[in-house]
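>>> What shape does this take:
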Amino acid sequence: MLVKEMDETSDVDSAIGARIRTRRIYLRLSQTDLAEKIGVSFQQVQKYERGLNRVAGSKLVAIASALQTSVGALVGEDAAPK
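Next comes the predicted model:
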């Protein structure tokens, strides 16, 4: 059961990362641009986008702000702005 929960968590992390990447590209920001806005390295942004590292709540709020969207949009709870 524990292994299944870990797989589900990584699926969620991957989905959030994909939404971050999609929104970043839509806004024509580089990973470096986003990293500077949220105070991390571009390598960390890469890890977030690939779902390798879980995004902390406070960092998710910063990312949403930098990407001019809501946390709900990034976690799949509401539609992203067009």
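
>>> Just give the closest residue to Arg21, not the sequence neighbours.
Glu49 (4.3 Å; Cβ to Cβ, 6 or more residues apart in numbering). No exception for glycine: its C-beta is placed from N, CA and C like everyone else's.

>>> and that neighbour, how many neighbours?
Other residues near Glu49 come to 22 when the count uses other Cβ atoms under 10 Å.

>>> OK, contacts around it?
Shown in contact with Glu49 (Cβ atoms under 8 Å, 6 or more residues apart in numbering): Gly17, Ala18, Ile20, Arg21, Arg24, Gln31.

>>> out of these, who's nearest Leu60?
Closest approach to Leu60 among the contacts of Glu49 (Cβ to Cβ): Ile20, at 8.8 Å.

>>> does that closest one sit in a helix or strand, and which one?
helix 2-26 (DSSP states H and E).

>>> Downstream of that helix, the next helix or strand is which one?
Counting by DSSP H and E, what follows helix 2-26 is helix 31-38.

>>> Give the buried residues for that next one.
Gln31, Leu34, Ala35, Ile38 (16 or more other Cβ atoms under 10 Å).

>>> which residues touch the third one?
The contact partners of Ala35, taken as Cβ under 8 Å, 6+ apart, are Ser41, Phe42, Gln44, Val45.
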